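Asks: Predicted structure and sequence below. I'll ask about it afterward.
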Amino acid sequence: MRYMLFLVVLAALGCASKPAAEEGVAPEPLPLPTMLLAGRRVALFPVTLMVAEERLGWRDQLTPRADALAQADSIIATFLTERAPDIEWVLPEALRRAAAQAPRLLPNPDHMGTAVLRANGLERIPDPLRSDLRNLTAIAGDRYAAIPVSLLWVRTPEGGGRAELTLVVADVRFGMVRFRTIASGEGDDPWSALWTALATLVPDLP
């Protein structure tokens, strides 16, 4: 019975995705599939694609870029470890350490081209990304990887800012995307908007 339930959940998540947001309209997010991931070691990859609309005027807050990427990774990691503690998260820094210990065998998680997974409707992960994800996740985690494939900030019709975080959960053993959503949230600065967006992934918590 449990096995059948798992297959049903897996099938549903396999086709779970949302189209890209229309201009000026926040996308409808899906909650994080904690039922699928609970009790597992899940590799959390770093953000690599991060862009803000110029008219937001947030350039100073997102410069230098390396610091802003590190801040985004830290906020995402903090949120997931606090709000989804039933999942054993392997954080980006652990992935970097694993890659640094075997540079000829494992890819640098900051330079893997994970943004290609942003494409709506993509189910099978293309090579060489598939192999890279499988090899690094196998060393540091289990079979699942959570990948923030893009982080965008756009201007709302009212003149505020909205974060749109596209998050993918991949089964790296089979090279398949099992879950994709766009978490969105508004805020007065990039980081409050990102936190508000992340809150939509666990909607039953404050």
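Replies: Happy to help now that I have it.
Asks: Do a quick rundown of the helices in the protein.
Replies: 2-14, 34-37, 65-83, 92-101, 129-140, 190-199 (DSSP state H).
Asks: For residue 124, give me its contacts.
Replies: Residues counted as contacts of residue 124 (Cβ atoms under 8 Å, 6 or more residues apart in numbering) are 130, 175, 176, 177. Just so you know, the C-beta spots here come from the backbone N, C-alpha and C atoms, and that holds for glycine as well.
Asks: re earlier: which of the helices of the chain sits closest to residue 119?
Replies: helix 129-140 (11.9 Å; Cβ to Cβ).
Asks: quick revisit: by neighbours, which of the contacts of residue 124 wins?
Replies: residue 177 (23 neighbours; other Cβ atoms under 10 Å).
Asks: Give me the pLDDT for it.
Replies: We have a pLDDT of 97 for residue 177.
Asks: quick revisit: nearest to residue 158 among the helices of the chain would be which one?
Replies: helix 190-199 (13.3 Å).
Asks: ok, and what's touching the closest one?
Replies: Helix 190-199 has contacts (Cβ under 8 Å, 6+ apart) with 29, 52, 58, 61-62, 68, 71-72, 75-76, 79-80, 83, 151, 153, 161-165, 183-187, 205.
Asks: for that helix, what is the average pLDDT?
Replies: On average, helix 190-199 scores 98.
Asks: can you give me the angle that helix makes with helix 65-83?
Replies: Using axes from the mean of the first three to the mean of the last three Cα atoms, to 10 degrees, the direction of helix 190-199 lies 30 degrees away from that of helix 65-83.
Asks: If you count neighbours, what's buried in helix 190-199?
Replies: Judged by neighbour count using 16 or more other Cβ atoms under 10 Å, the buried positions of helix 190-199 are 190, 191, 193, 194, 195, 196, 197, 198, 199.
Asks: ditto for stretch 62-73
Replies: Buried, per 16+ other Cβ under 10 Å, within stretch 62-73: 62, 68, 69, 71, 72, 73.
Asks: Can you lay out those residues as TSV showing pLDDT and distance to residue 39?
Replies: Listed next are the buried residues of stretch 62-73 as TSV, based on pLDDT from 0 to 100; distance: Cβ to Cβ, whole Å:
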residue	pLDDT	distance to residue 39
62	97	36
68	98	33
69	98	30
71	98	30
72	98	27
73	98	24
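Asks: how about the residues you listed in JSON lines, adding distance to residue 136?
Replies: Output for the buried residues of stretch 62-73, formatted as JSON lines (distance: Cβ to Cβ, whole Å):
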{"residue": "62", "distance to residue 136": "27"}
{"residue": "68", "distance to residue 136": "23"}
{"residue": "69", "distance to residue 136": "18"}
{"residue": "71", "distance to residue 136": "23"}
{"residue": "72", "distance to residue 136": "20"}
{"residue": "73", "distance to residue 136": "16"}
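Asks: between the helices of the chain, which gets nearest to residue 112?
Replies: Short answer: helix 129-140, nearest of the helices of the chain by Cβ to Cβ, at 5.3 Å.
Asks: where's the residue nearest to residue 91 when sequence neighbours are not counted relative to residue 60, distance?
Replies: Leaving aside its sequence neighbours, residue 91 sits nearest to residue 77 (Cβ to Cβ, 6 or more residues apart in numbering; 4.9 Å). Distance, residue 77 to residue 60, by Cβ to Cβ, to the nearest Å: 24 Å.
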